[in-house]
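J.: Kindly generate the corresponding structure for this input.
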Amino acid sequence: MNHNNKTIHFIGVGGIGMSGLAQMYKDLGFNVTGSDRGYGKSENETIFRPLENYDIKIYPQDGSFLNNINQKFNTKSENVKVVYSSAIENSNEDMITSLNNNLQLLHRSKALAEAIQLKNSQNNEQKIYSIAIAGSCGKTTVSAYTAEMLQLLTNKSSFLCGGIVNRFASKASVGNYFSPAKPLYFTFEADESDKSITNYSVDYAIILNAENDHYSREELISVFTEFIKKIRCGAVIEYDLYQEFPKDIFYNIKIKTFSATNSKADFFVADYASLQGHYNTIITDSSNKNYEIEMITPGIHNASNISSIIALFSLLDLNLDQASKRFIELQGAWRRFDYQGKLKSQAKVFDDYAHNVSKLKSCLYSAREAKLTIKNKIFYIFQPHGFGPLKLMAEDLLEMLEDELTKNEHFIFLPVYYAGGTTSFTPTSKEIVKNHKTEKNISYCEDRAKVAEIIHENSNLGDVIVIAGARDNSLAVWSKELTENK
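T.: You can find the predicted model right below:
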């Protein structure tokens, strides 16, 4: 990559991954600009305001700025990098202008891979160990926990996260990117959804799971296999998933396994308990040594996440006894079962980023732990984050709800969130519910005002309300407003 002029523009800079990468390139000394369709919306101020405070200028996404970027930075077209993600369609005006003006288009994953290399080249005194967090579910939580713990333990942790890490969020920083002056570790999410994970070559990785999310499990295993071949030092893999890989791909790296249930794993959840808002787990290793850990969020899935991090720390030769005592200090990631307050009825309201079947199921389990008594109700409000994802998961989601929902649990679909761009606009949430015959409490509601009316009128002390869905930050705003309008 030619860094003589250091000019880079991000299409969709308000995306949670793109905004973090834009900050990283700013730290690397680049002139950084961006455009986004969501710029100016109040619910997105938590991202755009810090970016602007970081001196990252944001322009309309109509191609007008890119037509003049050479003059703006006194550079040649071939020296301008334009970063896009798989969410940006070819008909996007910034994409069209980039092609017409011979600007260099770079996929987000390749831009991140190059940024990691550049960061290492600038850090002459110490190699930075790269740590990729992969898997269909839990990447953001594990990335946030890992980066935060490494900072607590070493004070040398840098990261790029697909969510806002609460500890690092401020007016000057979104909270999805952080780097000290001389980092030793760089933790980031490696996205499998568009198969761009194969663009990375890293020192260490955690592979949490493989679910039918964006494509089949078999295809995902194949993608992860190609990724694993590029790992240099070691990997942590969920025990049952590890059995599905060809073993010859692990010949030159160290492997540790983890599990929520299987005691054959190198690290597994030996015990988990939830009592009156306190969550505790015991992680046991292959030598039968126990690590007692206080957790900040409920759910055995989070205990399993922690076991994967303990396994990683064993590969990094960190003090596991010291680490196990500090998980209670974590502040975690934004919109991961965040308690927002209570309704007038005294029902508790939580906001969560859950958006695929496994995440929604785990969130449902967490909601059950948050109820006052077993007889209390749960109202689960879900906004699908796109027509394509809804189509792919609809059958599995409805099957999960049929298996899991009890008579006191209500699952309400909101209309599909549309962020712009090309889509089929099918299926709709209404169609999914209408075509599904059930005796369970599964319904569709056309707008948030009607949902608010339903939960205010039908909830009581000890009930739990969960607002869930990805990409749309207004869900967090709305869930908070529900508790304020008593």
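J.: Now the longest helix anywhere in the chain: average pLDDT?
T.: Longest helix in the chain by number of residues, with DSSP state H as the criterion: helix 387-404. On average, the pLDDT along helix 387-404 is 94.
J.: That one: what's the following helix or strand?
T.: Proceeding N to C from helix 387-404, the next assigned helix or strand is strand 409-413, under DSSP states H and E.
J.: Can you pull up the most central residue in the chain?
T.: A centroid search over the chain (CA atoms, centre = their mean) returns T140, at 3.4 Å, as the residue closest to the centre.
J.: Tell me if I'm right that that residue and F159 touch.
T.: No: between T140 and F159 there is no contact under CB atoms under 8 Å: 11.1 Å. For every residue, glycine as well, the C-beta is placed using N, CA and C.
J.: quick one: N473 and E43 touch, right?
T.: Yes: counting by CB under 8 Å, N473 does reach E43; the two are 4.4 Å apart.
J.: more crowded one of those two?
T.: Per other CB atoms under 10 Å, whichever of N473 and E43 has more neighbours is N473, with 20 against 14.
J.: Could you chop the protein up by domain?
T.: Domains of the chain are assigned by automatic domain parsing as 7-107, 123-329, 338-484.
J.: Distance to A113 added to these, as TSV?
T.: Shown next, in TSV, are the domains of the chain (distance: least, CB to CB, whole Å):
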stretch	distance to A113
domain 7-107	10
domain 123-329	5
domain 338-484	24
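J.: low pLDDT regions in the protein?
T.: 1-5, 212-215, 485-486 (pLDDT under 70).
J.: on that earlier part again, for the spatially closest residue to the residue nearest to the centre of the chain that is not a sequence neighbour, give its distance to V174.
T.: Nearest residue to T140, sequence neighbours excluded (CB to CB, 6 or more residues apart in numbering): G163, at 3.9 Å. Noted for G163: a distance of 10 Å to V174, by CB to CB, to the nearest Å.
J.: more crowded one of the two?
T.: A count of neighbours by other CB under 10 Å puts V174 above the other of G163 and V174, at 27 against 22.
J.: Helix, strand or coil: sort out the nearest residue to the more buried one once chain neighbours are set aside for me.
T.: Distances taken as CB to CB, 6+ apart place P50 nearest to V174, at 4.7 Å, with adjacent residues excluded. Using DSSP: H, G, I helix; E, B strand; the rest coil, the structure places P50 in helix.
J.: hey, where'd the helices end up in the stretch 201-350 of the chain?
T.: 217-228, 239-242, 300-315, 320-324 (DSSP state H, counting those that start in this stretch).
J.: okay but T225 is in contact with I249, surely?
T.: Yes: if you go by CB under 8 Å, T225 and I249 touch, sitting 6.0 Å apart.
J.: quick one on the thing from earlier: and the helices of the stretch 201-350 of the chain, which is most packed in?
T.: Using mean count of other CB atoms under 10 Å, the stretch among the helices of the stretch 201-350 of the chain with the largest mean neighbour count is helix 300-315, at a mean of 25.
J.: send the alpha carbons of the longest helix of the chain over as PDB?
T.: Output for helix 387-404, consisting of C-alpha atoms alone and laid out as PDB, is shown next (Å, rounded to 0.1, in the frame of the first residue of the first chain):
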ATOM      1  CA  PHE A 387     -35.300  -8.900   4.600                       C
ATOM      2  CA  GLY A 388     -32.500 -11.300   3.500                       C
ATOM      3  CA  PRO A 389     -31.600 -12.300   7.100                       C
ATOM      4  CA  LEU A 390     -35.200 -12.800   8.000                       C
ATOM      5  CA  LYS A 391     -35.800 -15.000   5.000                       C
ATOM      6  CA  LEU A 392     -32.800 -17.100   5.900                       C
ATOM      7  CA  MET A 393     -33.600 -17.600   9.500                       C
ATOM      8  CA  ALA A 394     -37.400 -17.500   9.500                       C
ATOM      9  CA  GLU A 395     -38.000 -21.300   9.600                       C
ATOM     10  CA  ASP A 396     -35.400 -22.000  12.300                       C
ATOM     11  CA  LEU A 397     -36.600 -19.000  14.300                       C
ATOM     12  CA  LEU A 398     -40.200 -20.100  14.300                       C
ATOM     13  CA  GLU A 399     -39.100 -23.700  15.100                       C
ATOM     14  CA  MET A 400     -37.100 -22.400  18.100                       C
ATOM     15  CA  LEU A 401     -40.000 -20.300  19.300                       C
ATOM     16  CA  GLU A 402     -42.300 -23.300  19.100                       C
ATOM     17  CA  ASP A 403     -39.900 -25.400  21.100                       C
ATOM     18  CA  GLU A 404     -39.000 -22.700  23.700                       C
END
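J.: No further queries at this time; thank you.
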